[in-house]
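Novice: Output the structure for:
(chains A and B)
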Amino acid sequence: MAGSNEVNVNESKRVVPLNTWVLISNFKLKYNMLRRPDGTFNRHLAEFLDRKVSANATPVNGVLSFDLLIDRPTSLLVRIYRPSPFPDTDNTEPSTSSMSSLLTDLIQPPSSDPFPVIVFFHGGSFAHSSANTAIYDSLCRRFVSLCNAVVISVNYRRSPEYRYPCAYDDGWTALKWASTQPWLHSGKDSKLRVFLAGDSSGGNIAHHVGLRAIESGITISGNILLNPMFGGQARTESEKRLDGKYFVTIQDRDWYWKAFLPEGADRDHPACNPFGPNGNDLKGLPFPRSIVVVAGLDLVQDWQLAYVDGLKKAGQDVKLVYREQATIGFYLLPNTDHFYEVMEEIKGFVSSNC
Amino acid sequence: MGPYPCGSAAVGWEGVRSEVQCTAAPDIDGLLAGAGYRVRSSDLCQVAQRLERLESAMVYSSGGGHVDYDHLASDAVHYNPSDLASWVDSMLSELTPADPGPVRQAPAPDGWVDQIYPQPQRAVAARMEEEEDSGIRLVHLLMSSAEAIQRGDAALSGSLIDEMRLLLTRVNTGFGIGKVAGYFVDALTRRLYSVSSPAASGSPAEYEILYHHFYEASPYLKFAHFTANQAILEAFDGHDRVHVIDFSLMHGLQWPALIQALALRPGGPPSLRLTGIGPPSPDGRDSLREIGLRLAELARSVRVRFAFRGVAANRLDDVRPWMLQVAPGEAVAVNSVMQLHRLLTDPDSPGPAPIDSVLSWIHGLRPKIVTVVEQEADHNKPGFLDRFTEALFYYSTMFDSLEAGRANGSAAQQQQATAVAEVYLQREIRDIVCCEGPNRAERHELLVRWRARMGQTGFKPVHLGSNAFKQASMLLTLFSGEGYCVEEVDGCLTLGWHSRPLIAASAWRADDLEDNARPVPDNFIFSSISSTSNTNDSNNNNHNNNDIINSNGSMLRRNSNNNSRSSDSSSQQESIHGM
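Specialist: The predicted structure follows:
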């Protein structure tokens, strides 16, 4: 019964809380309006509709954030989240006499003990959202509290205006920048304990930045991929079975790949299908160890599971966390077991690899 | 190449939206609020149903085959996306006009204006320069000096200023932190060493020149003008007689675009009255009238019936509503670009401020639309150090954006415009740093404060929609210097540089007859009119600024009314001056 244009709301409503359903359906309908059949994207309307939040250097729940421009030619902004440097001063301003020292306080290490740095790539299928999108601001703040980490959320260039490899380039720029920051290095060995993380397209970016890091001398402590966006030319069983059932359609996935990949490329391009016919062989390479979270109601799960398999076959260390009844976006609202249990998995992964 | 080497200029600043469930009204779904959407928990089910219907309607409207939602995306205007219920309803009514009963009457009165009261703000800029620490050192010295001034330690402040001057000789003051620091050191010096109260210097004519260059060198004023014009245009829809009251006419730069847009209106243009408020011209010229004439000429060329009136006043609170001669039946727009903040006083000073009475009489005019554009900055804090710090970061960002514009525009004219634009900003800096009490005019406050104030006066918000947003974004693509960004915030639009909003535009209305309007206070009996030399000018060519310049070029005589007249004035020579 699944045609890609048929509305199958009953099934999705049964498996997610009502407010989650409202949130993701809202995204779905808005995103439908923004994609044009000719492959162009209504960027102005997208920016207008996107709900954003400002950075806030006043700690809220122990976390503060600030924006940095790290590459002027590409206007690459990152939003940095960190535990408050002032103990027990939520929502209060430090005394004004210390204001002059506040500037340098922001870039002090959060602790003398080793702490993780998470370079985070937001999702949005390479076209939507920004580092200051509200849902991702919340997620990054949660990662700070969860892992006592500094989180660097990268405002990478998006398609279709900027195709492959711009997003990967920006991710790489951010990683390189982090490696030059003394305050992000911790522990007796003064190391950058960096994790690459992302959801949807951000997970895909994390993989490819991890690839680039291999020959760079930057050691990555781990990759965290949440419902990562992969695909391929073939139509897998899960795509056919779940098409249109849980907020996502094959048609929209195709659109986003076409908008991101180079003109004329197909979905077996290695950006989309890293273990496909055009992929790299990772055997013997120091690829970061990975944790990959797959939602059982995500129509691209067969590609995600193939990714995990590909890493295993290449002798890489990968842990699969499979949530059978979870849909896309389950990690956006803290209202299900999926959310809390996956956060615990991430916390464990980070602490044991930091 | 911009002033900061890679490795950053940072701007992190205020806003608590990500944790807004702490401040959201009790019935609002807290998790959705965190995602930027305000939905009442009790509405969730209905909103879900409406979303389902919207999806069906979208699939249906696309013909079921090739999916194309272009109508919703291109033609429909979207408003206040945070109010999900209203958004869904407005989309549904686009697709299915005969729709029974929305979840919420759109646009819903914005009851959240009171809720999101300003949180403790912090504007921080962390500047990390790889090449030299002088920049950081300068900022530290500036803060320390300001702190010393706040404590009353003039000696320490003075010696810190000397140290800064020395440091400034070693850094590049042509751009970046060196340049901004230079202006602030200058301002601190004036504050410390000026014998008399350093009031704003320069004549209105000089100010107009500076304003014009600031207009040319950056998109901020252009953004202000056409965001406001868009709102005015939409508010005037369906009205045949419209009246725009501009709180600061300057060169009338805002109005040609509106006149042309009205000329092209489907169904034909309305007849337009423009009342421009501005300072009196000291030298016998009538600059308001000159501008009115030019605009009349333009209106004539595009066949818009047009009438102009100038109201000369040094201060907005000298203006009285009767001077504006609002006629019954006309749709009124009040336009204020960076004027309202001048009516504020110190937050901790007792008694009413001029802003209250002015907002009150604006409300009394029952305007269809009030467009308010203000600097998005917290420069009205009573504590000197706080204010100084806010200003340092605000103007640093502002200068940074000008710098990027200059670097990319190679024309000599652009360079000159930028240089003079900096002088324009320097005046603001001096005012904020040097002036106290009634001498300080640049009392910028944040959008969230203005929204509260407008709401308390009884104005209802008019949301600026996706049309205005799109046009603003397109305007910015004309400017190189890729850091500009337009954002939508609760129905208002902000324009900023690299994620720091610098200017905010909002729109309001008070034309609802069921409003519990606050009456215009009756202590506003204008007690005296001073006539100026204009009334003694017998030169028939030098008509006064109360003359209505008809769009066909002839002069209409002002009708007699109940205004007091100066004793020697003929009906041609009446003047209205607020002194």
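Novice: which SS class is B:Tyr37?
Specialist: Secondary structure, DSSP: H, G, I helix; E, B strand; the rest coil: B:Tyr37 is coil.
Novice: what does B:Arg366 give?
Specialist: Relying on three-state DSSP, one would call B:Arg366 coil.
Novice: Quick one, grab the pLDDT at it.
Specialist: The model reports B:Arg366 with a pLDDT of 94.
Novice: these two touch, right, it and B:Asp511?
Specialist: Yes - shown here, B:Arg366 and B:Asp511 form a contact pair, counting by Cβ atoms under 8 Å, at 5.0 Å. Where C-beta positions appear, they are placed from N, C-alpha and C, glycine not excepted.
Novice: okay, these two: which has more neighbours?
Specialist: B:Arg366 (17 against 14; other Cβ atoms under 10 Å in any protein chain shown).
Novice: from the stretch 151-300 of chain B, which residue is nearest to chain A?
Specialist: Scanning the stretch 151-300 of chain B for proximity to chain A using Cβ to the nearest Cβ identifies B:Arg151 as nearest, at 9.1 Å.
Novice: Could you measure from that residue over to A:Ser190?
Specialist: Distance of B:Arg151 to A:Ser190, given as Cβ to Cβ, to the nearest Å: 39 Å.
Novice: These two: which is more packed in?
Specialist: Shown here are B:Arg151 and A:Ser190; by other Cβ under 10 Å, B:Arg151 has more neighbours (13 against 10).
Novice: Distance check, the more buried one against B:Cys435.
Specialist: Between B:Arg151 and B:Cys435 the distance is 19 Å, computed by Cβ to Cβ.
Novice: Over to B:Trp361?
Specialist: Using Cβ to Cβ, we find B:Trp361 at a distance of 27 Å from B:Cys435.
Novice: Flag the shaky bits of the stretch 351-500 of chain B, pLDDT-wise.
Specialist: Along the stretch 351-500 of chain B, the model assigns pLDDT under 70 to residues B:405-411, B:479-481.
Novice: Just confirm A:Val248 contacts A:Leu299, I think it does.
Specialist: Yes - between A:Val248 and A:Leu299 there is a contact under Cβ under 8 Å: 5.4 Å.
Novice: what's the burial count for B:Gln49?
Specialist: Quick note: B:Gln49 (other Cβ under 10 Å) scores 13 neighbours.
Novice: Give the helix, strand or coil label for A:Val78.
Specialist: Applying three-state DSSP: A:Val78 is strand.
Novice: Revised request: answer the last question for B:Leu142.
Specialist: The three-state label given to B:Leu142 by three-state DSSP is helix.
Novice: Please point out which parts of the helix or strand where A:Asp137 lies sit buried.
Specialist: A:Asp137 belongs to helix A:134-147 when assigned by DSSP states H and E. Using 16 or more other Cβ atoms under 10 Å in any protein chain shown as the test for burial, helix A:134-147 gives A:134-144, A:146-147.
Novice: outside of it, which residues touch it?
Specialist: The contact list for helix A:134-147 (Cβ atoms under 8 Å, 6 or more residues apart in numbering or on different chains) reads A:51-53, A:60-63, A:65, A:79, A:81-83, A:116, A:118, A:120, A:122-123, A:129-130, A:149-151, A:153, A:197, A:199, A:331-332, A:334, A:343, A:346-347, A:350-351, B:17-18, B:34-36.
Novice: picking up where we left off before, confidence score at the residue of the stretch 151-300 of chain B closest to chain A?
Specialist: 90.
Novice: secondary structure class for the residue of the stretch 251-400 of chain B found nearest chain A?
Specialist: Across the stretch 251-400 of chain B, the shortest distance to chain A (Cβ to the nearest Cβ) belongs to B:Leu385, at 5.2 Å. Following three-state DSSP, the label given to B:Leu385 is helix.
Novice: Which residue is the nearest non-sequential neighbour of B:Asp378?
Specialist: Nearest residue to B:Asp378, sequence neighbours excluded (Cβ to Cβ, 6 or more residues apart in numbering or on different chains): B:Glu390, at 5.0 Å.
Novice: Over to A:Asn223?
Specialist: Nearest in space to A:Asn223, with sequence neighbours left out and distances taken as Cβ to Cβ, 6+ apart, is A:Ser290 at 4.2 Å.
Novice: Contact partners for that neighbour?
Specialist: By Cβ under 8 Å, 6+ apart, the neighbours of A:Ser290 are A:Gly210, A:Gly222, A:Asn223, A:Ile224, A:Leu225, A:Leu311, A:Gln316, A:Asp317, A:Val318, A:Lys319.
Novice: For the stretch 151-300 of chain A, which segments count as helices?
Specialist: Secondary structure of the stretch 151-300 of chain A (DSSP state H, counting those that start in this stretch): helices located at A:166-179, A:201-213, A:237-242, A:250-260.
Novice: Out of those helices, which is the most enclosed?
Specialist: helix A:201-213 (a mean of 25; mean count of other Cβ atoms under 10 Å in any protein chain shown).
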